[in-house]
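J.: Structure for the following, please:
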Amino acid sequence: MNPCDIVQLLKESVHRPSGELEINRNGVTWHIGLTGAQLHYACNSLQSTEILEQFIQELGFESAVPAFRSLLQENAELSLRDAVAQMIERQILGQGQVQQLLRAIAEDALESLLWTKDGNAQWQEQAIAPASLQTSSIDINSFVYHLEQRVDTWKSLQPIISSPYQCPRCDDMGKLTQPVAQGVLPTQTLEMMARLMQGISIRQLAFLLKQDVLKLSQVLHPYINAGVLRLEGARAPYHQLPTIPSPHAAPAMAANSMSASAGFGNSNQPRYKVVCIDDSPTVLDTIQRYLGTENFEIATVENPMASLSALFDMKPDLILMDVSMPGIDGNRLCQILKRSSVFTNVPIVMVSGNTGVLDKEKAKAAGATDYLTKPFSKEELLNLVNQYLTQPAAYAT
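T.: Numbering: from 1, shown residues only. I've put the predicted structure just below:
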């Protein structure tokens, strides 16, 4: 089995009834619960309840930790999957929190699965069990697409980084002050991170810093390449997981943390390009899921300053932009874009969790066309986007 076979198996689930796809490779087992095109859960045998607690904390659900630990005290032998099911049944987490948690676990499990070059797959037609796991689901097609984009970015880090379970070390703290090509970390931040690198993996470091492991790997890459940091091999049992495949050719967009979705729609209808600028992969993926099945071409940008020139080349019909991003304020970026003739007539919608009138006025003063408050529903997003794309009269400069 190769990576394409695994992707195909997941996509072919739309033609199957409810069941579980089990994949075994090098002593590791993946369990993937599916109903048609809906993914209910995905986990592997190396994901422990300790890792589950890390996810709970990383997602900001600290208030649920005491109840979770109490659950484990009652039954220390619970598997990760059964522990999540128990949390759902006891309402330790809300429905939205459960969705985020299951998605994080699934991404962690399936990402490495898409790297594998071999394995044995078996489909078992059965009801999803425990039944409580049926309450949440993820569209498998958009999720696999999201993972494929991440795989491309992971490939661009080879051969310097071959696994997120490798352990970074700093043998000479004095090297941390030397300039590094493409290094973006302030010396103080790098020193703080180096002190944390006491035999822990990149994955564990990402948990401690509450950062996406891929983003952190991208940040560490130039320092490892320059010899400022040294990587040790993945420790047992994580050395059993697949390593990142070497790219035939590194994708040009991966370095800028960009991805594009062709979407699906009637080819006879006009297609509109929507560019989404947000440092949160979760928000970007949500927008991609909401709009990707409509008649839109979606491009996502996580690091606008690193990809500013590419933004001009994209020629979007509409931009959705987060207000609060590290490195630059969204309102400031809106001002910069609106000064260019390329974006003069392009609607820019600011996206924020703030609902205050002052925040909306700031966005308007920066040149924004409209303001969308998080969290938003698919209907809200579609109505707003259609307002400016399918009804041009709604937007006048």
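
J.: switch to C-alpha atoms for all contacts and neighbour counts from now on
T.: Fine.

J.: hey, where'd the strands end up in the stretch 201-350 of the chain?
T.: 230-232, 258-261, 272-277, 296-301, 318-322, 324-325, 328-329, 348-352 (DSSP state E, counting those that start in this stretch).

J.: can those strands go into CSV with extra columns for mean pLDDT?
T.: Converted to CSV, those look like this (pLDDT from 0 to 100):
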stretch, mean pLDDT
strand 230-232, 95
strand 258-261, 38
strand 272-277, 89
strand 296-301, 82
strand 318-322, 93
strand 324-325, 80
strand 328-329, 78
strand 348-352, 92
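
J.: Let me have the ones you listed in a markdown table, extended by mean neighbour count.
T.: Converted to a markdown table, the strands of the stretch 201-350 of the chain look like this (neighbours: other C-alpha atoms under 10 Å):
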| stretch | mean neighbour count |
| --- | --- |
| strand 230-232 | 16 |
| strand 258-261 | 20 |
| strand 272-277 | 23 |
| strand 296-301 | 23 |
| strand 318-322 | 24 |
| strand 324-325 | 16 |
| strand 328-329 | 12 |
| strand 348-352 | 24 |
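
J.: Distance to residue 13 for those strands - can I get that in TSV?
T.: As requested, these are exported to TSV (distance: least, C-alpha to C-alpha, whole Å):
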stretch	distance to residue 13
strand 230-232	38
strand 258-261	21
strand 272-277	29
strand 296-301	24
strand 318-322	32
strand 324-325	37
strand 328-329	41
strand 348-352	34
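
J.: how about these, which one is nearest residue 337?
T.: strand 348-352 (9.3 Å; C-alpha to C-alpha).

J.: Give me the residue ranges of the stretch 151-300 of the chain where confidence is low.
T.: Across the stretch 151-300 of the chain, the ranges flagged by pLDDT under 70 are 248-270, 293-294.

J.: 80 instead, please
T.: 247-271, 281-282, 292-295 (pLDDT under 80).

J.: would you list every one of the helices in it?
T.: 187-196, 202-209, 213-225, 281-292 (DSSP state H, counting those that start in this stretch).

J.: and those as CSV, adding mean neighbour count and distance to residue 181?
T.: Output for these, formatted as CSV (neighbours: other C-alpha atoms under 10 Å; distance: least, C-alpha to C-alpha, whole Å):
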stretch, mean neighbour count, distance to residue 181
helix 187-196, 14, 14
helix 202-209, 19, 21
helix 213-225, 19, 7
helix 281-292, 19, 26
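
J.: Which one, of the ones you listed, ends up nearest to residue 38?
T.: Per C-alpha to C-alpha, nearest to residue 38 of the helices of the stretch 151-300 of the chain: helix 281-292, 12.8 Å.

J.: which strands and helices sit next to that closest one?
T.: helix 140-155, strand 272-277, strand 296-301, helix 378-389 (3 or more C-alpha pairs under 8 Å, 6 or more residues apart in numbering; DSSP states H and E).

J.: Dump these to TSV, plus distance to residue 225.
T.: As requested, the helices and strands packed on helix 281-292 are arranged in TSV below (distance: least, C-alpha to C-alpha, whole Å):
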stretch	distance to residue 225
helix 140-155	15
strand 272-277	29
strand 296-301	25
helix 378-389	42
